[in-house]
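Q: I'd like to go over a predicted model; first the sequence, then the structure.
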Amino acid sequence: MTGVPSSVAADLAALAWQVEAGADEAIGEVPVNRFDAAEQPARPARAVAVAGRPKSGPKSAPEAAPGTAAAPPGGEGGATAAEADARMIAAGCADLAALRAAIEAFDGCPLKVASKSTVFADGNPAARVMIVGEAPGRDEDMAGLPFVGRSGRLLDRMFETIGLSRRAEAAEEAVYITNVLPWRPPENRDPAGAESAMMMPFLFRHIELKAPKVIVVMGNPAARTVLGTTTGITRLRGQWGDWHGVPVLPMLHPAYLLRNGIAKREAWADLLTLRVWLDENGG
């Protein structure tokens, strides 16, 4: 939309999102401001732990060194040699460039062998919002970037409706996107527990180095890994969680929304919740 004012472009993006969600008819003589309707979302001043997580939050080992992780959700206990290597390597990364290089050189995960690309991240590293998905799909593996296929285009439209974009230069208007896994699982299946556990130290170090103000986890695998909960995403979405003091908002994955269009109304409510939190916390 070259030449179109940003406010108009944002309004058009919001209108396109609502039409795609099925809101193609205006009912009522007076427009309703849905941001006003979202003035009281479930958002504590400091995010509380989600169901399934102890009240102390995600730090099951408070004195753990950066880049280390507790036993994976649903794991059998006892780290493999590859997991131990991952923890040591991740902890030694001093910045995002070093972390990217370490992941690209890591050979402990079998998924790497069948993948074309290591998908590290996309967006503005200075962004307040960090989005965590589950794993690359075919399109992402080909491009070497997260969320670039059909679900990625929907994700972009979703966040554009609340004034956020991976292409934004200003930190307050930007998002930064990564995944639990940097390599594509065969046939785009969900990440296996062992695969997530192996790469968890890299993800956690990624979050530490990125230092976001708020994290959005998209879908079940991302929510399980970051929040350590077994609660399904359809029950978890919209409820604030916590990762080492960073608020975490679980949302439905765009791929799920493409299969279940009726769920877009829940996604819209969650987007408004995020927008209100950003507005109330300086952004």
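A: On my side now, so go ahead. Keep in mind that what you see is a predicted model, and the values were worked out from it rather than measured. Numbers count the residues shown, from 1 in each chain.
Q: only C-alpha atoms for contact and neighbour calcs from this point on.
A: OK.
Q: lowest-confidence helix or strand of the chain?
A: Every helix and strand in the chain was compared by mean pLDDT, DSSP states H and E; the lowest is helix 34-37, with a mean of 51.
Q: Could you point out the helix or strand that follows that one?
A: Past helix 34-37, further along toward the C-terminus, the next helix or strand under DSSP states H and E is helix 81-91.
Q: Can you give me the buried ones in that next one?
A: Of the residues in helix 81-91, those buried under the neighbour-count criterion (16 or more other CA atoms under 10 Å) are 82-91.
Q: From the contact counts, what lies against that helix?
A: In terms of contacts (3 or more CA pairs under 8 Å, 6 or more residues apart in numbering; DSSP states H and E), helix 81-91 is packed against helix 96-105, helix 193-210.
Q: ok, and which of those has the densest surroundings?
A: Relative to the other members of those, helix 193-210 carries the highest mean neighbour count by mean count of other CA atoms under 10 Å, namely a mean of 22.
Q: Show me how far the host helix or strand of P250 is from its chain's centre.
A: Using DSSP H and E, P250 sits within strand 246-251. Here strand 246-251 is found 8 Å from its chain centre; the criterion is CA atoms, centre = their mean, to the nearest Å.
Q: mean confidence score for that strand?
A: Here strand 246-251 scores 98 as its mean pLDDT.
Q: need the next SSE after that strand, C-terminal direction.
A: Moving toward the C-terminus from strand 246-251, the first helix or strand encountered (DSSP H and E) is helix 254-259.
Q: quick one: buried residues of the very next helix or strand once past that following helix?
A: Per DSSP H and E, the first helix or strand lying C-terminal to helix 254-259 is helix 264-280. Taking 16+ other CA under 10 Å as the neighbour-count basis, helix 264-280 is seen to contain the buried residues 264, 266-278.
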